[in-house]
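[1] model this:
(chains A, B and C)
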Amino acid sequence: MKPISRRKFLELCAASAATLGLSQTLLPELAEALNGVLQKKPTVLWIQGAACSGCSMSLLNSVHPDLKALLTEIINLRHHPQLGGVSGQSALEHLRQAAEQARGKFLLIVEGAVPTAAGGNYCTVGVDAQGQAITFQTLVKDLAAKASLVMAVGTCAAYGGAAAAKPNLTGCKGLNALVDAEKLINVPGCPPHPDWIVGTLAHLVMYGRPEVDDFGRPKMFYGGVVHDNCPRRQYFDNSTFALTFGEPGCLLEVGCKGPMTFADCSLRQWNGGTNWCIRSGSPCISCTHPEFPAGSLPLYGRMERISFAGIKVTADTVGKLAGTATALGIGAHLAGNIIKGRVGILKKGVQRGGDTVDKTGAGPN
Amino acid sequence: MAQVFMHPLPVRVIHWSNMLSISLLTWSGAYIHSPVSLKALGSMDDARFLHFVFMYIVTWGVIYRLLYALLTGDHKDWFFRPKDIRDLPGLLKYYLFLSEHHPHYEKYNPGQKMLYTVWPVLLIIQALTGFILYLPGQLGWLAHILGGVALLRKIHYMITWVFVCTAAVHIYLVLLSGWKVLRSMVTGYIDEETLHELQDE
Amino acid sequence: MTKLVLAPISRVPGQVQIELEIEGGKVVRSKVAGTMARGLEATLKGHDPRDAQLLTQRICGICPVAHGIAAAQALEKAFGAAIPENARVMRNLLLGANFLLTNIYHFYQIALPDYVHSLPLAPFTPGPAITPTLPVQANAALVQHFLLSLEMSRTVQEMLAVFGGKMPHPSAVVPGGVTENADAQKVTAFRSRLREVADFIKNVYLPDVHTLAWYNPQAFAYGAGAGNLLSLGAYPLKDGLRGQPEFYFKSGRYTNGQPGEVDPDKIKEEFRYAWYEGDSFQSEKPGAYSWVKAPRYEGTAYEVGALARMVIHGHSGVKALGDKAFSAMGRHIARAEESLLLAGALDEWLNQLEPGKPVAVNLNPTPLAQGTGITEAPQGALLHRLEVKNAVIHNYQVIAPATWNASPRDDSGKPGPLEQALVGTPVPDTTNPLEVYRVIRSFDLCLACAAH
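    The predicted structure is shown next:
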């Protein structure tokens, strides 16, 4: 079977969509032709664990290329539990086969965190031939070992994210704790922008591994700070702050975490440029941060309360209490000194005399 | 009257430089923390400018002061050692009016030593947390190791309060000892009589 | 008797495992197990109550708006805040957009491949082995519409982002209202996309469902379940803080053919067959088989979702189906009819926005409070219960739609709605239980929501 051109392939696709039923007989030929084209594209296997499916939904929002073009022109997505076909044991069998066929060459995309507590039983993805549950942890380890590269899509997959928030009863971990840094690329976000996912894929296909920062994030998307390019930045510099939602002004006082967030949302915008969090008047919650969500709390305030003997108080309260106590202490001490005659009108004098003595202990200066 | 040389020039210069820096850092920092309720500065831009300038000055202040201590060995005067603990009860008794006898100490009493030992430690923590917050891109990894940006901000903020409180006590005790003590930090000299009065009261 | 264990079930968000006992070519007993849990409720404890809104959205990336609104409502009830009119309208628009997104997505991406030959393109192929019932042209049209639906998913998410900030996990719903202001440009940007989607629903989605139904009449014959339906009501037409809210989709129950009222306080979660003891995980609990709890209304299992809403709303098209509505195909028809109804309603509600008027009030949190947030997610009834102590979240409980539908057996041993619906489903070929998959996917299940 000789490989077919992209144009020919698209024609075939269009034709197949229009006349699919007619061409039941044509189908195997088409499938084979598709294989010829797609074999050149890197095989990608997408698996989901302790996830909310938001990352997959976000992928649907890719505009240029759209999902259709992504699947036909850029990658050969052999497995995606939410888009994909078969169920039951044959689904895992198909996944295993795809991984074997492209062993050492395929890209593994993981969506969702990996629960590790209770032997990984907080997330099982199927059963083996003996009826034993297969944990997501096992699946990830198995496939990651065979993959050439692993891409963690979403903050959960990359760093644990919402799934690993304290008290993390399920022992959820991000791939940064399970896969070697050299083999891993993180595309965090809750969810990640579709451009970040598709753009990273495109970079992998065209130029290989993109340059990443200390947290394994491609610098081309996560290199800058949201705050630096924020359309409301002038409000910040001028100290014009929104105190109620819907007001104009910098959103710092309603909890914006833009200053600590590395992402290009302020330039890229979301949903095909329709809108994005800060433009819509909502504070940035730093969803691309390795410490999300704990590091972003409180989402609508600037500093989280401090636990104090079982009571949660604000840092301001602690500070003000300490300040007041100091002031009271000084005041009381001063009063004591006056009463005791150490200072002030009741002061007792002491007479002494002597020569100049150097007390610095460091020689003359 | 006999004059006692207390504070060499570098010590005095660094003292006042630090005093100015820490005051301005606290002021601008408080504004950055709560720009709406504190209208003490014109804008966030001004506050951050001030904060970042004096961030560098105080960092150099700490470095030079510690270098000075290392070169001259003057830390023997003010560094709090375990043996100073046994001197504490006497001082406390005096401060709490349980005794009218002020024990005799070397250059500084154990309370002062404690303060002068804690301050550089806290300043180093402030500089560390501050620079991490200032350079989130370059030092993000360090923030992550140390427990996260949110925690470091909290630490940075709470230590500021420690400075506010301890500096207040420091200023109060200086003023309580009289303006001659304050003057000695400017001129370097104190008259012997005042010194003995302070040490053996 | 044959035993079948089906896992994983693709095209169902989250992880689900189905165990079947088959006798005489029919399912006689079934077990539905959610096999993934994250324990998100526990992660809320000890935090600022207002954080609940954005954190609970993370339960589900497909219906985040519903979780956000339910949490915001719970907070507003707890702290006694009345949201501005603009906020009420905008939330209805956001929720409506989420409904359209999910309904379209569910039909084309999740359910359709069980009926037609899908695209010969990975990852859609290999698909389920089906015997085509549709004529060639109809099949081809549906596959083309499948591709079109991907574009619609994007368009609806853009529409949602106009007022929601972004999608998934929109940021604009906040306790106290919304953050985005209304203006003519945004109203137009929303309406322009809405019209496009409404056209798709009217001219493509609804006809497609009816085409599918026409060629698969047998799909009306299985998947009935017990027929008990529940809806908590959604889309308040006026603010209900003082007095009862008036909902566009009414709240109500439908028990053994009899309509009834709903009192949310009578909803209790049972966990005899779930890996829980109270709110804590018990992964070694004997007899338990699911991470999903079993919510029951006075001990009865209720099916929730578009079918429940349309029956309780009294939708004429769904009513006309009679008992056929309670079936694998009936649920798709209910969902499509609901989409059409909502598309029209959204267009009207858009006119209620008043540019320049406020969109949010400041919440005044008190140290001690509790509140309940009630709405409908696209997948069905959604309930958030919030308890605040010491100015932080003391307890948080979510009863999501799939918690109802995919629930295991309750304390009295009665099966959950999907378990009931599976019983009686024909399984002519145990190596390819296609009808079973059709029943499972006729419920808009989200196992990420169910166990959360």
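[2] When you work out contacts or count neighbours from here on, use the C-alpha atoms and nothing else.
    Noted.
[3] for the residue nearest in space to the middle of chain B, what are its contacts?
    Taking C-alpha atoms, centre = their mean, the centroid of chain B lies closest to residue B:119, which sits 4.6 Å from it. Taking C-alpha atoms under 8 Å, 6 or more residues apart in numbering or on different chains as the criterion, residue B:119 is in contact with residue B:163.
[4] phi, psi of it?
    phi -60, psi -50 (degrees, to the nearest 10).
[5] Need the pLDDT of it.
    On the pLDDT scale, residue B:119 is placed at 95.
[6] Dump the strand or helix carrying residue A:144 to CSV, restricted to CA.
    In this assignment (DSSP states H and E), residue A:144 forms part of helix A:136-146. Only the C-alpha atoms of helix A:136-146 are listed here, as CSV (Å, rounded to 0.1, in the frame of the first residue of the first chain):
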residue,chain,number,x,y,z
PHE,A,136,-4.6,3.4,37.1
GLN,A,137,-1.2,3.5,38.8
THR,A,138,-0.2,0.2,37.2
LEU,A,139,-1.4,1.4,33.8
VAL,A,140,0.5,4.6,34.0
LYS,A,141,3.7,2.9,35.1
ASP,A,142,3.3,0.2,32.4
LEU,A,143,2.7,2.6,29.6
ALA,A,144,5.1,5.3,30.7
ALA,A,145,7.9,2.7,30.6
LYS,A,146,7.0,1.9,27.0
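[7] Give me the secondary structure label for whichever residue of the stretch 201-350 of chain C sits closest to chain A.
    For the stretch 201-350 of chain C, the residue closest to chain A is residue C:283, as judged by C-alpha to the nearest C-alpha, at 7.2 Å. Three-state call for residue C:283 (DSSP: H, G, I helix; E, B strand; the rest coil): coil.
[8] Leaving out the residues flanking it, which one is nearest to it?
    Ranked by C-alpha to C-alpha, 6 or more residues apart in numbering or on different chains and with sequence neighbours excluded, the top spatial neighbour of residue C:283 is residue C:275, at 5.4 Å.
[9] gap between the one you found and residue A:200?
    Separation of residue C:275 from residue A:200 (C-alpha to C-alpha, to the nearest Å): 39 Å.
[10] Next, give phi and psi for the residue of the stretch 201-350 of chain A found nearest chain B.
    Using C-alpha to the nearest C-alpha, residue A:237 is the residue of the stretch 201-350 of chain A that sits closest to chain B, at 4.6 Å. When read as degrees, to the nearest 10, the backbone of residue A:237 gives phi -60, psi -40.
[11] What separation do you get for it and residue B:41?
    12 Å.
[12] and the residue of the stretch 201-350 of chain A closest to chain B, how many neighbours does it have?
    Look at residue A:237: counted by other C-alpha atoms under 10 Å in any protein chain shown, it has 17 neighbours.
[13] likewise residue A:180?
    So residue A:180, with other C-alpha under 10 Å, has 13 neighbours.
[14] Touching, residue A:127 and residue C:7? I think so.
    Yes - here residue A:127 reaches residue C:7: they are 6.3 Å apart, a contact under C-alpha atoms under 8 Å.
[15] So between the two, which is more surrounded?
    Ranked by neighbour count (other C-alpha under 10 Å), residue A:127 and residue C:7 place residue C:7 first, with 26 against 19.
[16] Verify the contact between residue A:165 and residue A:293 for me.
    Yes - Residue A:165 is within contact range of residue A:293, at 6.8 Å (criterion: C-alpha under 8 Å).
[17] top helix in chain A by residue count?
    helix A:315-340 (DSSP state H).
[18] What ranges does the chain have for its helices?
    Went with chain A since none was named. Using DSSP H, helices in chain A cover A:6-19, A:27-38, A:54-59, A:67-69, A:89-101, A:136-146, A:155-159, A:194-207, A:219-222, A:233-237, A:265-268, A:315-340.
[19] please go with chain C instead
    So, for chain C - with DSSP H - the helices run C:40-44, C:52-57, C:64-79, C:85-105, C:136-164, C:184-200, C:206-215, C:306-313, C:316-320, C:328-350, C:401-405, C:417-422, C:434-442, C:447-451.
[20] The third one packs against which elements?
    Right, the one you point to is helix C:64-79. helix C:52-57, helix C:85-105, strand C:173-174, strand C:369-377, strand C:380-389 (3 or more C-alpha pairs under 8 Å, 6 or more residues apart in numbering or on different chains; DSSP states H and E).
[21] Using CSV, lay out the ones you listed together with mean neighbour count.
    Formatted as CSV, those follow (neighbours: other C-alpha atoms under 10 Å in any protein chain shown):
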stretch, mean neighbour count
helix C:52-57, 26
helix C:85-105, 24
strand C:173-174, 28
strand C:369-377, 24
strand C:380-389, 24
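[22] Just send those back as CSV, with mean pLDDT and distance to residue A:221 too.
    Shown next, in CSV, are the helices and strands packed on helix C:64-79 (pLDDT from 0 to 100; distance: least, C-alpha to C-alpha, whole Å):
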stretch, mean pLDDT, distance to residue A:221
helix C:52-57, 95, 24
helix C:85-105, 97, 28
strand C:173-174, 96, 26
strand C:369-377, 96, 33
strand C:380-389, 96, 36
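[23] Could you dump those into TSV and include distance to residue C:420?
    Converted to TSV, these look like this (distance: least, C-alpha to C-alpha, whole Å):
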stretch	distance to residue C:420
helix C:52-57	29
helix C:85-105	23
strand C:173-174	36
strand C:369-377	22
strand C:380-389	17
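[24] May I see the ones you listed organised as a markdown table, with distance to chain A added?
    Below are the helices and strands packed on helix C:64-79 laid out as a markdown table (distance: least, C-alpha to the nearest C-alpha, whole Å):
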| stretch | distance to chain A |
| --- | --- |
| helix C:52-57 | 8 |
| helix C:85-105 | 10 |
| strand C:173-174 | 8 |
| strand C:369-377 | 15 |
| strand C:380-389 | 10 |
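[25] who wins for proximity to chain B among these?
    Comparing these by C-alpha to the nearest C-alpha, helix C:52-57 comes nearest, at 17.4 Å.
[26] Give the full set of residues in contact with the most centrally placed residue in chain C.
    Geometric centre of chain C, nearest residue: residue C:379, 1.1 Å, by C-alpha atoms, centre = their mean. Residue C:379 makes contact with C:304, C:305, C:306, C:401, C:402, C:443, C:444, C:445, C:446, according to C-alpha under 8 Å, 6+ apart.
[27] now, which of these sits nearest residue B:61?
    residue C:446 (59.9 Å; C-alpha to C-alpha).
[28] Need the pLDDT of the nearest residue to that closest one once chain neighbours are set aside.
    Distance criterion C-alpha to C-alpha, 6+ apart; nearest residue to residue C:446, sequence neighbours excluded, is residue C:13 at 5.0 Å. We have a pLDDT of 93 for residue C:13.
[29] got CSV for the contacts of residue C:379, with neighbour count and pLDDT too?
    Shown next, in CSV, are the contacts of residue C:379 (neighbours: other C-alpha atoms under 10 Å in any protein chain shown; pLDDT from 0 to 100):
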residue, neighbour count, pLDDT
C:304, 30, 97
C:305, 28, 97
C:306, 30, 97
C:401, 28, 97
C:402, 29, 96
C:443, 29, 95
C:444, 27, 93
C:445, 27, 94
C:446, 29, 94
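[30] Report the two of these separated the most.
    Pairwise over the contacts of residue C:379, using C-alpha to C-alpha, the maximum falls at C:306 and C:446, 14.0 Å.
[31] ok, the residue nearest to residue A:187 when sequence neighbours are not counted to chain C distance?
    Closest residue in space to residue A:187, ignoring its immediate chain neighbours: residue A:153 at 4.9 Å, by C-alpha to C-alpha, 6+ apart. As defined by C-alpha to the nearest C-alpha, to the nearest Å, residue A:153 lies at a distance of 14 Å from chain C.
[32] quick one, what contacts residue A:153?
    Contacts of residue A:153 (C-alpha under 8 Å, 6+ apart): A:55, A:109, A:110, A:111, A:112, A:186, A:187, A:188, A:189, A:192, A:197.
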